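Student: here is a sequence with its predicted model. Questions after.
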Amino acid sequence: QVQLVESGGGLVQAGGSLRLSCAASGRTLSNYAMGWFRQAPGKEREFVARISGSGGITDYADSVKGRFTISRDNGEGTVYLQMNSLKPEDTAAYYCARRSRLYSGSGRNTYEYDFWGLGTQVTVSS
């Protein structure tokens, strides 16, 4: 089994920054792509960013491109999401997830991920 634990969320003013971390325990994640998703109250969970197992390939939702950066440290078993220039519309619970090897799609769909953390709340005030 894989356990994913997110941290780093909090309350920040618009324009500020936060760095989220996703620490993995159990099996190594170095051979798996990882993703970050978010879910605001009353909305569906949506794709934010993903990164390949080696870290060489990244992908971002248009809404965060140029402001968020995903990275990983396979030695530490941790995936990061650096969030800059935060906006009130970025307010949501943020989840990291491990991408399943059963799918070869875009990597932007929740069904492509088999293990999820419990999330960390990010609130951006205006």
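Tutor: Yep, that arrived. Only a predicted model underlies this, so the values are computations on that prediction, with no experimental measurement involved.
Student: which helices and strands does the one helix or strand Cys22 maps to pack with?
Tutor: Per DSSP states H and E: Cys22 is located in strand 18-26. Counting contacts by 3 or more C-beta pairs under 8 Å, 6 or more residues apart in numbering; DSSP states H and E, strand 18-26 packs against strand 2-7, strand 34-39, strand 78-83, strand 92-99, strand 120-125. Glycine gets a C-beta too; all of them are placed from N, C-alpha and C.
Student: put together a markdown table for the ones you listed, with mean neighbour count and distance to Arg50 on each row.
Tutor: Formatted as a markdown table, these follow (neighbours: other C-beta atoms under 10 Å; distance: least, C-beta to C-beta, whole Å):
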| stretch | mean neighbour count | distance to Arg50 |
| --- | --- | --- |
| strand 2-7 | 17 | 14 |
| strand 34-39 | 23 | 4 |
| strand 78-83 | 22 | 10 |
| strand 92-99 | 23 | 7 |
| strand 120-125 | 17 | 18 |
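Student: for those, which one sits closest to Arg19?
Tutor: strand 78-83 (5.0 Å; C-beta to C-beta).
Student: quick one: average pLDDT of that closest one?
Tutor: Strand 78-83 carries an average pLDDT of 97.
Student: circling back: got the helices and strands packed on strand 18-26 as JSON lines, with distance to Ala61 columns?
Tutor: Below are these laid out as JSON lines (distance: least, C-beta to C-beta, whole Å):
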{"stretch": "strand 2-7", "distance to Ala61": "18"}
{"stretch": "strand 34-39", "distance to Ala61": "9"}
{"stretch": "strand 78-83", "distance to Ala61": "12"}
{"stretch": "strand 92-99", "distance to Ala61": "12"}
{"stretch": "strand 120-125", "distance to Ala61": "15"}
